[in-house]
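Undergrad: when you get a sec, could you give me coordinates for this:
(2 chains)
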Amino acid sequence: MKPRVLISEPNAEVRRLLELTVERLGYELVKAPPAGPPPAVDAVLLEPGSPESHTLLHRFGGEVPPVVCLSVYPREAGLAPPESVAYLVKPSSTAALGDALRNVFGR
Amino acid sequence: MPFAGPTTMRRVLAVKHHLVRSQRRLVLIAAILGLLVTFAVMMLTDTAKEIGAIGLAPWIGLIGYEVGTAGGVAAAAAALGLWIVAAEAQGGSLSPLTIGIRIAAFLLFAVGSSIVGRRMRESERAHRTQAALQSALIDSTLDGICLTDADGNILISNAPLRRLSIELGLPAEGTVPDRLLAVAGRTTEPERYRTRMKEIAAKPMESSADEFELVGSGRVFRGYTAPITDADGRFDGRIWTLREVTADRELDRLRDAFVAAVSHELRTPLTSISGFLEMLRDEEQSLGDAGRMYLDVIRRSTDRLQRLVEDLLLVAQIEAHRLELVLGTVDLDQIAAAAVEAARPTATEKEVDLLLELDGAPAVRADAGRLAQVVDNLISNAVKFTEAGGSVTVSVVGNGPFARLAVTDTGVGIPIDEQGQLFSSFFRASTATRQAIPGTGLGLVIVRAIVEQHGGTIDLESREGKGTKVIVTLPADEAPTA
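TA: Here you go, the predicted structure:
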């Protein structure tokens, strides 16, 4: 069964790029409903500088999956949530993003 | 002397001028009285002969000095009349020659003293005009300025300083160091402020420039003080200047915020461009030659834009003193060797000879990533500014407790009058712009900031048309290497 990844990215073009990248890397892309509890996923890929991302994490309640951050802000900005397991600064290569997700899933 | 109040230079001059005029009236009255009293003494004591005409001369001189030639001549005529009356009343017989000599002497005395008086008044007027101009000059500056004696007491202060001292709430009395110390508690860094004030007091012969910010209002002031010496070089006092730089600092903050915002905003489209370019790589073979060439151009431009964004953000970090180093023991030889290998393809493509000379330099305590950035930058600059057939030599040597890296090229060089600006943000040498050599003018700013944050120094030697040598000196790591 493919690992399931949820993406939260405010920019539509970057979001589309991330969706294509995640699918090309062989993971299952999961879309969150506009409201209510999000579906169960194995990792969240998000922009920590976006308020929507924090709202999404809040909707997970206490069961937040591992988070991979891909941000326009540097790590020193302190935006990464506690569940963050990797922090990449945009623009990041597909290889770097693939490495980060592989580290989360162990494959 | 308080900062505020009527004791300004201009007011002091006005009061002085008023006193001088009153004094002149008093002298004139005293001289007329003196003339009359001398006459009375001659008459009452029968001593016109003994005292003689000379007894009246000082009063003629005084009146001539204070009133001018007409007054002096009038005083001379009056004195002569009084003397003749006194002399004849006491039975003396005055010959025309005696009277003529007295007339000549009195007139000469009156005219001479009036000339001296006029010259003195002219000189005094010129001095007053000069002082008023100087006063207007120091009052019309934006900076608060004052001059203190060797003990710190104010001798002269200008209007902006009085205004600033009221706004800062400085005490109206006391020496300048004491008054400045009194507001330490209102600054954002009271301990640092107190320490600096004590250092200034302890080192009278040193100049000092400091900034301090007030709690609450956020107003920022820049103070400067320098010693004044007498002709023998002995400490004679201090000049103090104070300028509000709140607007400048606010501008710095806005610029940093603007650069950061722009840089962050650029990252989003850059992510799309570089990401989709990567996606296109799989389909590149289906493109024609022209399509592949276009893709290469887009890739190079994207890389360049990305480097520019990184540099802008790094400069913003440097200028905000937020550049953080992760220090460890670093082998400068290895860093240099890696940087040379990374630059070799470009050098080869440009037909520039790239040489590496290592001589067992000591390890340094450094942030390996940042140090690599320094060496990469210097080598890529050297290759970029060297024409085909030239050479770039990278050498690393030990020099006592220091490791020294030198990057020497035989490139276009830098005009001597531009070398001082090379480490300023966005500055580009005319030799680079003339030949349309790409660059942002941020590389050397970053290099110097990183080197200096490591406790090192950077020096540059260059001759236009001959080449450039950049030398980085870093302190060796004190910890023993394995």
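Undergrad: all contacts plus neighbour counts: C-alpha atoms, from now on.
TA: Fine.
Undergrad: chain neighbours aside, what residue packs nearest to the residue of chain B found nearest chain A?
TA: Residue of chain B nearest chain A, by CA to the nearest CA: B:Thr271 (4.2 Å). Distance criterion CA to CA, 6 or more residues apart in numbering or on different chains; nearest residue to B:Thr271, sequence neighbours excluded, is A:Pro91 at 4.2 Å.
Undergrad: before we move on, back to that, and the gap between the residue of chain B closest to chain A and A:Val5?
TA: 19 Å (CA to CA, to the nearest Å).
Undergrad: can you check B:Asn399 too?
TA: Distance of B:Asn399 to A:Val5, given as CA to CA: 55 Å.
Undergrad: sorry, back to before: shouldn't the residue nearest to B:Thr271 be within a strand?
TA: No: with DSSP: H, G, I helix; E, B strand; the rest coil as the criterion, A:Pro91 is coil rather than part of a strand.
Undergrad: what is the neighbour count of it?
TA: By the criterion of other CA atoms under 10 Å in any protein chain shown, A:Pro91 has 21 neighbours.
Undergrad: do B:Asp367 as well
TA: 18.
Undergrad: equivalent analysis for B:Leu137, please.
TA: The burial count for B:Leu137: 11, using other CA under 10 Å.
Undergrad: so what pLDDT did it get?
TA: Turning to B:Leu137, the model gives it a pLDDT of 88.
Undergrad: same check on the one 4 residues further on?
TA: The predicted local distance difference test score for B:Thr141 is 89.
Undergrad: likewise for B:Arg102?
TA: In this prediction, B:Arg102 carries a pLDDT score of 88.
Undergrad: show me what contacts it?
TA: Shown in contact with B:Arg102 (CA atoms under 8 Å, 6 or more residues apart in numbering or on different chains): B:53, B:80.
Undergrad: which SSE is it in?
TA: If you go by DSSP states H and E, B:Arg102 is part of helix B:96-139.
Undergrad: cool, and A:Ala86?
TA: Using DSSP H and E, A:Ala86 falls in strand A:84-89.
Undergrad: remind me what the following helix or strand past that strand packs against, helices and strands.
TA: With elements assigned by DSSP H and E, the helix or strand that comes after strand A:84-89 is helix A:94-105. On a contact count with 3 or more CA pairs under 8 Å, 6 or more residues apart in numbering or on different chains; DSSP states H and E, helix A:94-105 meets strand A:84-89.
Undergrad: what packs against the strand it packs on?
TA: strand A:67-71, helix A:94-105.
Undergrad: got the contact list for the one residue in chain A that gets nearest to chain B?
TA: Here the residue of chain A nearest chain B is A:Pro91; by CA to the nearest CA that distance is 4.2 Å. A:Pro91 is in contact with A:72, B:267-268, B:270-272, B:274-275, counting by CA under 8 Å, 6+ apart.
Undergrad: rewinding a little: what helix or strand is the residue of chain B closest to chain A on?
TA: helix B:246-281.
Undergrad: now the strands for chain A?
TA: With DSSP state E, the ranges of strands along chain A come out as A:4-8, A:28-30, A:43-46, A:67-71, A:84-89.
Undergrad: CSV for these, including mean pLDDT?
TA: Compiled in CSV, the strands of chain A are given as follows (pLDDT from 0 to 100):
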stretch, mean pLDDT
strand A:4-8, 94
strand A:28-30, 93
strand A:43-46, 94
strand A:67-71, 95
strand A:84-89, 94
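Undergrad: can I get these in JSON lines with mean neighbour count?
TA: Formatted as JSON lines, those follow (neighbours: other CA atoms under 10 Å in any protein chain shown):
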{"stretch": "strand A:4-8", "mean neighbour count": "22"}
{"stretch": "strand A:28-30", "mean neighbour count": "18"}
{"stretch": "strand A:43-46", "mean neighbour count": "24"}
{"stretch": "strand A:67-71", "mean neighbour count": "26"}
{"stretch": "strand A:84-89", "mean neighbour count": "18"}
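Undergrad: let's have those strands in CSV, adding distance to B:Val259.
TA: Converted to CSV, those look like this (distance: least, CA to CA, whole Å):
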stretch, distance to B:Val259
strand A:4-8, 26
strand A:28-30, 35
strand A:43-46, 24
strand A:67-71, 17
strand A:84-89, 17
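Undergrad: okay, B:Ala14: pLDDT?
TA: With respect to pLDDT, B:Ala14 has a value of 68.
Undergrad: need the pLDDT of B:Gly389.
TA: Reported pLDDT for B:Gly389: 94.
Undergrad: next, name the residue at the spatial heart of chain A.
TA: The centre of chain A sits closest to A:Leu45, judged by CA atoms, centre = their mean, with a distance of 0.5 Å.
Undergrad: so the residue positioned nearest the centre of chain B, which of the three states?
TA: The centre of chain B sits closest to B:Tyr224, judged by CA atoms, centre = their mean, with a distance of 8.0 Å. Secondary structure, three-state DSSP: B:Tyr224 is strand.
Undergrad: which one is it nearest to, not counting chain neighbours?
TA: Here the residue nearest B:Tyr224, using CA to CA, 6+ apart, is B:Ala209, at 4.3 Å.
Undergrad: gap between the one you found and A:His54?
TA: According to CA to CA, B:Ala209 stands 46 Å off from A:His54.
Undergrad: the two: which is more packed in?
TA: Each of B:Ala209 and A:His54 has its neighbours counted (other CA under 10 Å); A:His54 has more, 17 against 14.
Undergrad: the more buried one against A:Glu47, yeah?
TA: No: look at A:His54 against A:Glu47 with CA atoms under 8 Å: they stay out of range, at 9.1 Å.
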